[in-house]
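> Provided below are the primary sequence and the corresponding predicted coordinates.
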Amino acid sequence: MAFLNTSFEYNGESSLEHNCMLVHVGEETITQALSSPKTLITDHVKFKKTFYYGADKNTYSLSMKIIKIDGDQEEFSNEERMDIMRWLLPDDNFHVFTSNDFAGIEFIIQFNKSQFVSYRMNVGYFELEAISNDPYPLSEMETLEYDLSDNIGTSIIEVPNNCNAYPYFVPNVLEFTLVGTGTSFSLKNLTNGGNILSFSGLSLLETVSISSTQEILSSTGNERISKFNFGFNALELSYGINRLEITGACTIRVKLQYPIQL
């Protein structure tokens, strides 16, 4: 992944606060990775054939160069160099990196290599490499809300899936709140096989939240597995617009953060 001249943010702080920016140095062309590398998993049996078991997706890496905003002939003071290193390498945790080059995309990374390339004392640029904690960068978190308070029978809502990294995508969170006197909720995925997710015997006005890791939380604090039909596959969204048929008066909130291949 390569970056042009631009400002950026890392760990909640802007490069403008540190008087520096990304720069493209030295090369005439720019190469951008389209996806993370994959390792094919195979097993060859002698005198027979090779069996294919799938692909292991690796993490991706980022390379970048940073200069002072005023240009690569401007000197970094020792204090500025120390400040930048404190900002970019504060710990061993992964942090969010965003750049104007890729608007709306979050890279979850940590820097694993840093060096200062100088033309003369303290005049030059930082050369950095970073690794990710996931095979793909992510879109910014998007929250969609649907008001079905007047839903007497069934209503259709449309939920997008813009993930181009996997055949299906499960929302990070799907949350519904019952309205009126209803005690049940049902979701039928009309786009992906008609699979159904449903709850019954809930409390009045209860809010139930379902995460992509199949964690179910209730506003009542009660365990809700026994009220659930285990239809998690109804939340598997196909690429594009998905039509979901909802039974029950409720409000719905869907949180989406897609893995993206660039």
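Noted; the coordinates are in hand. Numbering: from 1, shown residues only.

> okay, stretch 239-247 in CSV with CA atoms only?
Extracted as CSV, the C-alpha positions of stretch 239-247 are listed here (Å, rounded to 0.1, in the frame of the first residue of the first chain):
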residue,chain,number,x,y,z
TYR,A,239,-23.2,-8.6,-1.6
GLY,A,240,-25.5,-5.7,-2.6
ILE,A,241,-28.9,-4.8,-1.2
ASN,A,242,-30.5,-7.4,1.1
ARG,A,243,-34.3,-7.5,1.6
LEU,A,244,-35.2,-8.5,5.2
GLU,A,245,-38.8,-9.2,6.1
ILE,A,246,-39.6,-8.2,9.7
THR,A,247,-42.5,-9.5,11.7
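
> can you give me the buried ones in stretch 154-174?
Judged by neighbour count using 16 or more other C-beta atoms under 10 Å, the buried positions of stretch 154-174 are 155, 157, 159-161, 163, 165-166, 169-174. Backbone N, C-alpha and C define where each C-beta goes, glycine included.

> for that stretch, how far is the first residue from the last?
18 Å (C-alpha to C-alpha, to the nearest Å).

> which residues does it contact?
With C-beta atoms under 8 Å, 6 or more residues apart in numbering as the test, stretch 154-174 has contacts from 35, 135-136, 139, 141, 144, 146, 148, 187, 190, 192, 209-212, 232, 235-247, 252-261.

> now that stretch, how far from the centre of its chain.
Relative to its parent chain, stretch 154-174 has a centroid offset of 14 Å by C-alpha atoms, centre = their mean, to the nearest Å.

> same question for stretch 206-215.
For stretch 206-215, the distance to the chain centre is 18 Å (C-alpha atoms, centre = their mean).

> average pLDDT across it?
Stretch 206-215 carries an average pLDDT of 92.

> CA atoms only: put it into CSV for me.
Taking Å, rounded to 0.1, in the frame of the first residue of the first chain, the C-alpha atoms of stretch 206-215 are listed here in CSV:
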residue,chain,number,x,y,z
GLU,A,206,-37.3,-5.3,25.5
THR,A,207,-34.2,-4.5,23.5
VAL,A,208,-32.1,-7.4,22.2
SER,A,209,-28.7,-7.0,20.6
ILE,A,210,-27.0,-9.7,18.5
SER,A,211,-23.3,-9.4,17.6
SER,A,212,-21.4,-10.9,14.6
THR,A,213,-19.7,-13.2,17.2
GLN,A,214,-23.2,-14.6,18.1
GLU,A,215,-23.3,-12.8,21.4
